[in-house]
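Peer 1: with the sequence up front, the predicted model follows.
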Amino acid sequence: MDPHLLRTYVTVARLASFSEAARELGYTQSAVSQHIAALEQDLGAPLLTRRPVAPTAAGERLLEHAGPLLLRLAAARADVVRTASAPDHGLTLAASPTALTAAALAALPPAGVTLRVLARDEVPAAVAAGTADLGLVDGLAAPSDPLPLPDVAPLTTYGVGEGPVGVLLPADHPLARRAALRLGDLADARWIDAPDTGLPLPQLRAANGGSGFRPALRYDGTDVRVLTALAAAGHGLTLLPRSAAAGAPGTATVPLGAPRLVHRVELVHLGTPTGAAQALVAALSPRA
């Protein structure tokens, strides 16, 4: 399967338009049509309906495979280029907002660093594609359990820190003076769905047996201060690392007593880090 044809197909399916795909890819519309026709001929199945432009059942199945396939090709290219490239070019670190712990920030080199704050799922993809040398990603887990990261490439991951989590509430909330809270008792509360900032609601739902935790408001951003302000204004509860929630104006942070869950941070890299990336890996490694 020709990856150039596959990229064209993914772009057409995403934009639902041959002409828009041609504009984005820098091809003529005729070339895009030829790419799709060649891919359909290769696979022996129609992949798109034309009016409207939408994936067929076979096309939907191909899309499930296409993203990981293209990302793995990008990862292979990035790994080869990195291996063959000239000496140290500095360090690009991709991180989810609450993965930037005090230890991680203190370990950064004094110069030559580019820090990219991304959504959680985008961090492994950035490392795989070579747009970041290293990644820091976080999430909710049982103590010492690894995070369930997307399978985008043969990445190396290991934990670099675990810490307590807390429920962030308005300071005048009836539960704000509790010594600890049980997750199951909060399943029917109003929650803020902030998948790229707060600890994700699906992880809370899974820890509660798959039910509850319906969002009252969704925040599609990566600024922790905005999330804490939303909680202070009474728009819903959120679960955060206690280190990130501490001191947020107008809020109280109550420890999560049960089940026993932690905020886990993992370092992600592709191949063998060199230069500044290698030094940061060594500084953050539990073996250091």
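Peer 2: Received the coordinates, thanks. Numbering: from 1, shown residues only.
Peer 1: which strands and helices sit next to the longest helix along the chain?
Peer 2: Counting residues, the longest helix in the chain under DSSP state H turns out to be helix 57-84. Here helix 57-84 touches helix 3-15, helix 122-129, going by 3 or more CB pairs under 8 Å, 6 or more residues apart in numbering; DSSP states H and E. The way it works is simple: take the backbone N, C-alpha and C, and place the C-beta from them, glycine included.
Peer 1: right, so those: which one is the most enclosed?
Peer 2: Scoring those by mean neighbour count under mean count of other CB atoms under 10 Å gives helix 122-129 as the most buried, with a mean of 24.
Peer 1: need the next SSE after that one, C-terminal direction.
Peer 2: Counting by DSSP states H and E, the next helix or strand C-terminal to helix 122-129 is strand 134-141.
Peer 1: parallel or antiparallel, list what pairs with that following strand.
Peer 2: Here strand 134-141 has these sheet partners by DSSP bridges: strand 91-95 (parallel), strand 262-269 (antiparallel).
Peer 1: now do the contacts for residue 160.
Peer 2: Residue 160 sits next to 103-104, 136, 265-267, 284-286 when contact means CB atoms under 8 Å, 6 or more residues apart in numbering.
Peer 1: surely it is within a helix?
Peer 2: No. Residue assignment for residue 160, taken from DSSP: H, G, I helix; E, B strand; the rest coil, gives strand, which places it outside any helix.
Peer 1: what pLDDT does the model give it?
Peer 2: Here, the pLDDT recorded for residue 160 equals 91.
Peer 1: what do you get for the one 10 residues further on?
Peer 2: According to the prediction, residue 170 has pLDDT 95.
Peer 1: likewise for residue 191?
Peer 2: The per-residue confidence score, pLDDT, reads 95 for residue 191.
Peer 1: please, which helix or strand holds residue 243?
Peer 2: In this assignment (DSSP H and E), residue 243 forms part of helix 242-245.
Peer 1: that helix: what's the following helix or strand?
Peer 2: Along the chain past helix 242-245, the next helix or strand (assigned with DSSP H and E) turns out to be strand 251-258.
Peer 1: packing partners for that next one?
Peer 2: By 3+ CB pairs under 8 Å, 6+ apart, strand 251-258 packs against strand 165-170, strand 181-182, helix 224-232, helix 242-245.
Peer 1: could you pull up the mean pLDDT of the longest helix of the chain?
Peer 2: Here the mean pLDDT over helix 57-84 is 77, rounded to a whole number.
Peer 1: run the angle between it and helix 3-15 for me.
Peer 2: For helix 57-84 against helix 3-15, the angle by axes from the mean of the first three to the mean of the last three CA atoms, to 10 degrees is 120 degrees.
Peer 1: save the helices and strands packed on helix 57-84 as a markdown table, and put in distance to residue 218 and mean pLDDT too.
Peer 2: Putting these into a markdown table (distance: least, CB to CB, whole Å; pLDDT from 0 to 100) gives the following:
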| stretch | distance to residue 218 | mean pLDDT |
| --- | --- | --- |
| helix 3-15 | 22 | 90 |
| helix 122-129 | 18 | 88 |
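Peer 1: a markdown table for these, including distance to residue 93?
Peer 2: Below are the helices and strands packed on helix 57-84 laid out as a markdown table (distance: least, CB to CB, whole Å):
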| stretch | distance to residue 93 |
| --- | --- |
| helix 3-15 | 27 |
| helix 122-129 | 10 |
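Peer 1: who does the residue nearest to residue 261 when sequence neighbours are not counted form a beta bridge with?
Peer 2: Using CB to CB, 6 or more residues apart in numbering and skipping the chain neighbours, the partner closest in space to residue 261 is residue 140 (5.4 Å). Partner residues in beta bridges with residue 140: residue 263, with DSSP bridges as the criterion.
Peer 1: how close does residue 140 sit to residue 163?
Peer 2: Using CB to CB, to the nearest Å, we find residue 140 at a distance of 11 Å from residue 163.
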